[in-house]
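Chemist: the following comprises the amino acid sequence and a computationally predicted model.
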Amino acid sequence: NAGVTQTPKFRVLKTGQSMTLLCAQDMNHEYMYWYRQDPGMGLRLIHYSVGEGTTAKGEVPDGYNVSRLKKQNFLLGLESAAPSQTSVYFCASRYLSQPQHFGDGTRLSIL
Amino acid sequence: TQLLEQSPQFLSIQEGENLTVYCNSSSVFSSLQWYRQEPGEGPVLLVTVVTGGEVKKLKRLTFQFGDARKDSSLHITAAQPGDTGLYLCAGNFGNEKLTFGTGTRLTIIP
């Protein structure tokens, strides 16, 4: 049982490049979340999904897009990366009213 | 936007000492969670509190939820080096999202 798996673990991009972060969970959870974590700011919600085929904006959605085509996967896309998007990105999932389970994060640097 | 302020932001104490960290909001929580995060890992849930005035204990950690459900505290007795980490509170305001606090980075010096 792998839980929540994020790929890649590290990535360096140049400004303007695009990329997709993958989150996969094997717990049949309905809810999935993407956060970014920056020093002194805790975790901020980017986008989330309450089920397959649905997505919604969180606190800081600008510059990001998401897709939930399959229940087990939640993809976070950066269309044109900017230095302000340098951060550690965390994915989480949960089942109904249960607590969120987090992946180990993706460290992304935009040069 | 609901905000959760945690204090202190950084805390460094000697092994064996006691400490308390705080989580405060101007809004009422439906429930509140405390997480601990180690370097290179995601947050791991420590406890969930739901009822105003509730106190929960987890070995040397004591969690308290304020009577008005706007604040919470985490008290650690006889801190150990293994308690070192980033402590995050996260509040639920009755929807499918969590709002995380700013975090307290705790260092226990052997």
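Modeler: Received, thanks.
Chemist: now the strands for the chain?
Modeler: You didn't pick a chain, so chain A it is. Taking DSSP state E as the criterion, chain A contains strands spanning A:4-7, A:10-13, A:19-25, A:31-37, A:43-49, A:56-57, A:64-67, A:73-78, A:87-94, A:101-102, A:106-110.
Chemist: looking at chain B here, not the other one
Modeler: B:5-7, B:10-14, B:19-24, B:31-37, B:44-49, B:55-58, B:61-65, B:71-76, B:85-92, B:99-100, B:104-109.
Chemist: which of the residues in the first one are buried?
Modeler: Applying a neighbour-count criterion of 16 or more other C-beta atoms under 10 Å in any protein chain shown, the buried positions in strand B:5-7 are B:Gln6. Heads up, the C-betas are built off the backbone N, CA and C, glycines and all.
Chemist: which of the strands of chain B sits closest to A:Tyr35?
Modeler: strand B:99-100 (7.6 Å; C-beta to C-beta).
Chemist: packing partners of that closest one?
Modeler: Applying 3 or more C-beta pairs under 8 Å, 6 or more residues apart in numbering or on different chains; DSSP states H and E, one finds that strand B:99-100 makes contact with strand A:43-49, strand B:85-92.
Chemist: so what's the gap between it and the chain middle?
Modeler: 11 Å (C-alpha atoms, centre = their mean, to the nearest Å).
Chemist: what pairs with that strand, and is each one parallel or antiparallel?
Modeler: Here strand B:99-100 is paired, per DSSP bridges, with strand B:85-92 (antiparallel).
Chemist: which pLDDT value goes with whatever residue of chain A ends up closest to chain B?
Modeler: Residue nearest to chain B within chain A: A:Phe102 (3.0 Å; C-beta to the nearest C-beta). Looking at A:Phe102, its pLDDT stands at 96.
Chemist: who's in contact with it?
Modeler: A:4, A:90-92, B:42-44 (C-beta atoms under 8 Å, 6 or more residues apart in numbering or on different chains).
Chemist: identify the farthest-apart pair in those residues.
Modeler: A:Cys91 and B:Val44 (14.5 Å).
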